[in-house]
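In: have a look; sequence and predicted model below, questions after that.
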Amino acid sequence: MERSPNLDQLRAFIAVVEAGSFSGAARRLERAQSVVSYAVANLESLLGVSLFERGKRRPTLTAAGEIVLADARRLDMLVGQLQAKTAGLRGGVEAELSLAVDVMFPLARLVEGLSAFAEAFPTVALNLTIEALGGVMKLVIDGECTLGISGPAQNWPDVIDATSVGSIELVTVAAPTHPLARRGGTIPLSEAREYTQLVLTDRSKLTEGQSYGIYATRTWKTADLGAKHRLLLEGLGWGSMPMHLIDDDLRQGRLAVVRLSDRDVFRYGVSLIRRADRACGPATHWMIDYLSRLGGLGT
């Protein structure tokens, strides 16, 4: 069985390159220069290539050495990450945190917290999933995500622990060329029903049978909020969108507010959810604390 290079050999090689000499690498690694030279020579022997040009005053990488250096640095980084992660596990910190977020949620507000989270827990991997309607709750119930920022639910299952974190302003809009936008004023629902309504659908079955503001007899459905936005801009229907995503469209005249007779503004409730029967590690507790203090989601 062929022998493989070890981490000490790779680190000796990297140190020689970064220090610019074998003596400098020895000082950096706190090893004798002969030990560093031996490690690099063994690495060359195991790989079957010369890493440095011979006869040069200072160590100069060969073409093969350039390639090996990139892989050596990557392997050294991966081992360092592994050591940091296992150190975190020994200290009770989770290896990863999975977070599901409702598509209506203003991600700019979340990113502020994620930057602080990365500094506080550099070894914790974050898995971020964007879902619509009941999709967030399903991921949390199934245990695929630790935490969820979910839209409203008629009834939370017993297994779910939910905490309200505010609401998002939804506005009914259409392209300026759409008949409902051109009409202006307050529009009776009977009239709005005559035109195609663009509706966000749920990939899960948890909100099956719940209308969520569907009025029209003819609907186009999509599970992608970005696609719904595009269809609205093209004048292919009317529908509700979160204000933070369309405020610029309204200012620039790309979309217009459609005032329905039964409502002016709709507030879309948002809750932080998790399974009540699952223990939380330090990283999860940090995220719960941050998300619980968000507030002001309408902006």
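Out: Ah, there it is.

In: CA atoms for contacts and neighbours, from now on please.
Out: Noted.

In: burial count for residue 3?
Out: For residue 3, the count of nearby residues is 7 (other CA atoms under 10 Å).

In: where is the longest helix in this structure?
Out: helix 63-90 (DSSP state H).

In: what lines up beside the next helix or strand after that helix in the sheet?
Out: Next helix or strand after helix 63-90 toward the C-terminus (DSSP states H and E): strand 96-102. Here strand 96-102 is paired, per DSSP bridges, with strand 125-131 (parallel), strand 147-150 (parallel).

In: in JSON lines, list the ones you listed along with distance to residue 23.
Out: Converted to JSON lines, the strands paired with strand 96-102 look like this (distance: least, CA to CA, whole Å):
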{"stretch": "strand 125-131", "distance to residue 23": "38"}
{"stretch": "strand 147-150", "distance to residue 23": "51"}
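
In: among the ones you listed, which is the most enclosed?
Out: strand 147-150 (a mean of 28; mean count of other CA atoms under 10 Å).

In: ok, back up a step: out of the strands paired with strand 96-102, the one nearest residue 247 is which?
Out: Of all the strands paired with strand 96-102, it is strand 125-131 that lies closest to residue 247, at 21.3 Å by CA to CA.

In: contacts for that closest one next, please.
Out: Strand 125-131 is touched from outside by 95, 96, 97, 98, 99, 100, 101, 102, 103, 136, with contacts defined as CA atoms under 8 Å, 6 or more residues apart in numbering.

In: then stretch 22-42?
Out: When contacts are defined by CA under 8 Å, 6+ apart, stretch 22-42 is touched by residues 8, 9, 10, 12, 13, 15, 16, 18, 19, 59.

In: which residues touch the fourth one?
Out: Applying CA under 8 Å, 6+ apart to residue 12 gives the contacts 25, 29, 36, 39, 40.

In: before we move on, the earlier item: now for the longest helix of the chain, which elements pack on it?
Out: helix 7-19 (3 or more CA pairs under 8 Å, 6 or more residues apart in numbering; DSSP states H and E).

In: just give me how far the helix it packs on sits from the chain centre.
Out: 35 Å (CA atoms, centre = their mean, to the nearest Å).
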